[in-house]
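A.B. asks: Any chance you could fold what I've pasted below:
(chains A and B)
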Amino acid sequence: MSYFLQLLVSGIVVGSIYALAALGFVLIYKASRVINFAHGHFIAIGAFTAYAVATSLGLSVWVAALLALGFTAIVGYFTERVFLKPLVGQPIISVIMVTIGLASVFGGLIHLTPYGSGNFSLPHFLPEGGVSFAGISVSYPQLLAVAFTGVFLAAFGWFFQRSTIGIAMRAVADDQMASMSLGVSVEKVFALAWAAAGLTAAAAGLIVGAISGLNLEGLVGIGLKVFPVVILGGLDSIPGAVVGGIIIGVLENLASGYLDAYIPGGGTGDVFPFFVLLLVLWFKPHGLFGTEEIERV
Amino acid sequence: MSTSSPSERKWLLRINNIEVVYQDIIQVLRGVSLNVPEGRITALLGPNGAGKTTTLRAISGLLVPEDGAVRDGTIVYQGKEVQNLPPEEIVKRGIVQVPEGRHVFKHLTVEENLRVGSITRRDAKVKEDLDRIYRYFPRLADLKRRLAGYTSGGEQQMLAIGRALLAAPKLLLLDEPSLGLAPLLVREIFDIVARINAEEGVTVLVVEQNAAIALAVSDYAYIMEQGKIVLEGEAEALKENPDVKEFYLGTAKAGGRKSFRDVKAYKRRKRFM
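C.D. replies: Modelled structure (predicted):
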């Protein structure tokens, strides 16, 4: 039983990172209907920026983290301005090809830096140790990861439900022409969504860095894990990103905890989320919380 | 009803001989000129495809998403040229268009729809204006938390107008508010528009196919065909114009059916106007 609970708890921790990573993906999709295949690279850019600033400039990790959040937000903003803006109104397949291309370019650029291969670990900046309860142990970095994720998600939830700009962003997702007729700048909304996506991606990268190490493949891999998460939760739903992230995180941990022993070579944890993805697409193509078209009959 | 002649009026908007071209090649407006007097209701009538919606979009800047542009002529609003400005700039200056077919944000609640209307405003009176809009449209107040996609056609039209009013417009452009609504609802909506015009001093330019209702509430009207203004005048006068009666109001003398030759003569005459 305690083995199960331990898997469950670490699944929730991993899942909350997935939720945070998925949040940025959902923000972009919700505002502009663009599927961003370069999202994993935003996560990597955020994490390595913090690492580079902290190690080479010798600044405190907290300052480095703030700089990394800001820098990745700027990268997101300019990605939209430079590469996506000319494609507004073009077929979705062109836009997807551009984000796949961007992923390659970002990957190549990161390989030009010393961080392209190998493992790195952020200087320790969180208290060591953790808490144990009934045989389940959770480290402080893990607890903080969950707490940070909660704060980020609550902030974005508030932003979209209560602030006029957040409501306007949802309005753009709903009907671009009507939002323009009311003076909403659709261009600004898209750029804002990409900046916010960069920011949250960097946050996810930083939390991964605080819990485990940093390496390019691992961080980009989180960008791929986002797909089963958002398809389960619904591509355009923030609560969906949270619930989907946690479900995928837990399933992944349970699968590798219980099934790896029976499968030669293991690795079921990596496969299981995609298996879930297939099932979801089969029975509930809009996801658990995705927007279904409202049609008046 | 106004009795002053157009030349004595103060114009809020003057359109001088504009030409609108879509995708660099399709010319829709061919030298349209019309003036909107401040504080009044002006109607723009005409059949499908005449260019009425294009005229409104040229004013509000919403040609951009359709890949259209004003190629020639000027649109002067409050003494300044505004043709081809981005739509958000035009909204900030006080011109707001209510699009044809309502276009409410289906997945937002009624109140959220209204709040989007206030996006360009920085003043603190938004809450006050929200209450005022609920007074004009009490039905919206009852539906505050309902998703707009689940409201009726009439409620959506009220919401679309209310949402535009929250942007605090000086000039409200209405594109076919009667579209797809029952006659009683059309009457109700036009009555509210007339009240808003009278009480708030909002100038209205309304595009309509329902000429009877539009002429009933407006002071001045233009009739447009094939990208040109073919007739204009005081609404009262137009109501008595035999051509308007025949082709727009359907109230020509019963039994006095005209032959197709007369129809052709009318069309021919229009072409040279």
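A.B. asks: and stretch B:121-129, how far out from the chain's middle?
C.D. replies: Between the centre of stretch B:121-129 and the centre of its chain there are 25 Å (C-alpha atoms, centre = their mean, to the nearest Å).
A.B. asks: Could I get the buried residue list for the helix ranked longest in chain B?
C.D. replies: Identified as the longest helix of chain B according to DSSP state H is helix B:183-200. Neighbour-count burial for helix B:183-200 flags B:185-186, B:188-190, B:192-193, B:196-197, B:200 (criterion: 16 or more other C-beta atoms under 10 Å in any protein chain shown). (Each C-beta comes from the backbone N, C-alpha and C, glycine too.)
A.B. asks: who does that helix touch, helix- and strand-wise?
C.D. replies: Secondary structure elements in contact with helix B:183-200, counted by 3 or more C-beta pairs under 8 Å, 6 or more residues apart in numbering or on different chains; DSSP states H and E, are strand B:41-45, helix B:126-136, helix B:153-165, strand B:203-208, helix B:211-217.
A.B. asks: Of all these, which one is nearest chain A?
C.D. replies: Set against chain A and scored by C-beta to the nearest C-beta, these come closest in helix B:153-165, at 6.5 Å.
A.B. asks: got the residue ranges for the strands in chain A?
C.D. replies: Defined through DSSP state E, the strands belonging to chain A, from first to last, are A:130-133, A:136-139.
A.B. asks: May I have the strands that pair with the last one, each with its orientation?
C.D. replies: In the sheet, strand A:136-139 lines up against strand A:130-133 (antiparallel) (DSSP bridges).
A.B. asks: what residues does the stretch 51-200 of chain B put near chain A?
C.D. replies: If contacts are counted using C-beta under 8 Å from any C-beta of the partner chain, the residues of the stretch 51-200 of chain B sitting beside chain A are B:60-62, B:64-65, B:86-88, B:90-92, B:96-99, B:103-108, B:112-113, B:115-120, B:147, B:149-150, B:160, B:163-164, B:167.
A.B. asks: Apart from its chain neighbours, what residue comes closest to B:Ser60?
C.D. replies: The spatially closest residue to B:Ser60, leaving aside those adjacent along the chain, is B:Gln97, at 3.8 Å (C-beta to C-beta, 6 or more residues apart in numbering or on different chains).
A.B. asks: Tell me, how many residues neighbour residue 124?
C.D. replies: Assuming you mean chain A. A:His124 is flanked by 10 other residues according to other C-beta atoms under 10 Å in any protein chain shown.
A.B. asks: you looked at the wrong chain, it should be chain B
C.D. replies: Using other C-beta under 10 Å, B:Ala124 is surrounded by 7 other residues.
A.B. asks: Then the one 4 residues further on?
C.D. replies: The local packing of B:Glu128 (other C-beta under 10 Å) involves 10 other residues.
A.B. asks: residue ranges for the helices of the stretch 101-250 of chain A, please.
C.D. replies: The residue ranges that make up the helices of the stretch 101-250 of chain A, judged by DSSP state H, counting those that start in this stretch, are A:140-162, A:164-174, A:176-181, A:186-211, A:216-233, A:238-258.
A.B. asks: Which elements pack onto the last one?
C.D. replies: In other words, helix A:238-258. Packing contacts for helix A:238-258, counted by 3+ C-beta pairs under 8 Å, 6+ apart, involve helix A:2-32, helix A:140-162, helix A:216-233, helix A:268-283.
A.B. asks: Adding mean pLDDT, distance to B:Lys228 and mean neighbour count as columns, could you present the ones you listed in a markdown table?
C.D. replies: Rendered in a markdown table, the data for those read as follows (pLDDT from 0 to 100; distance: least, C-beta to C-beta, whole Å; neighbours: other C-beta atoms under 10 Å in any protein chain shown):
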| stretch | mean pLDDT | distance to B:Lys228 | mean neighbour count |
| --- | --- | --- | --- |
| helix A:2-32 | 90 | 39 | 23 |
| helix A:140-162 | 87 | 46 | 16 |
| helix A:216-233 | 90 | 52 | 23 |
| helix A:268-283 | 85 | 53 | 15 |
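A.B. asks: Which one, of the ones you listed, ends up nearest to chain B?
C.D. replies: Of all the helices and strands packed on helix A:238-258, helix A:140-162 sits nearest to chain B, with 8.6 Å by C-beta to the nearest C-beta.
A.B. asks: So which bits of chain A are right by chain B?
C.D. replies: Within chain A, the positions adjacent to chain B are A:164-165, A:167-168, A:170-171, A:173-185, A:291, A:294, A:296 by C-beta under 8 Å from any C-beta.
A.B. asks: mind redoing it with 10 Å?
C.D. replies: A:88-89, A:161-189, A:236, A:291-296 (C-beta under 10 Å from any C-beta of the partner chain).
A.B. asks: any idea how chain B splits into domains?
C.D. replies: Annotated domains of chain B cover B:6-240, B:242-273 [automatic domain parsing].
A.B. asks: Tell me which of those domains sits most buried.
C.D. replies: Compared across the domains of chain B, domain B:6-240 shows the largest average neighbour count, a mean of 19 (mean count of other C-beta atoms under 10 Å in any protein chain shown).
A.B. asks: Tell me, how many residues neighbour the residue in the stretch 101-250 of chain A that chain B sits nearest to?
C.D. replies: Distance from chain B to each residue of the stretch 101-250 of chain A (C-beta to the nearest C-beta) is smallest for A:Gly183, at 3.0 Å. When neighbours are defined as other C-beta under 10 Å, A:Gly183 has 26 of them.
A.B. asks: Next up, the contacts around the nearest residue to it once chain neighbours are set aside.
C.D. replies: Once flanking residues are discounted, A:Gly183 sits nearest to B:Val91: 3.0 Å by C-beta to C-beta, 6+ apart. Shown in contact with B:Val91 (C-beta atoms under 10 Å, 6 or more residues apart in numbering or on different chains): A:180-185, B:60-61, B:85, B:97, B:117, B:119-121, B:164, B:167-169.
A.B. asks: Next: A:Ala134.
C.D. replies: Listed by C-beta under 10 Å, 6+ apart, the contact set of A:Ala134 reads A:1-2, A:5-6.
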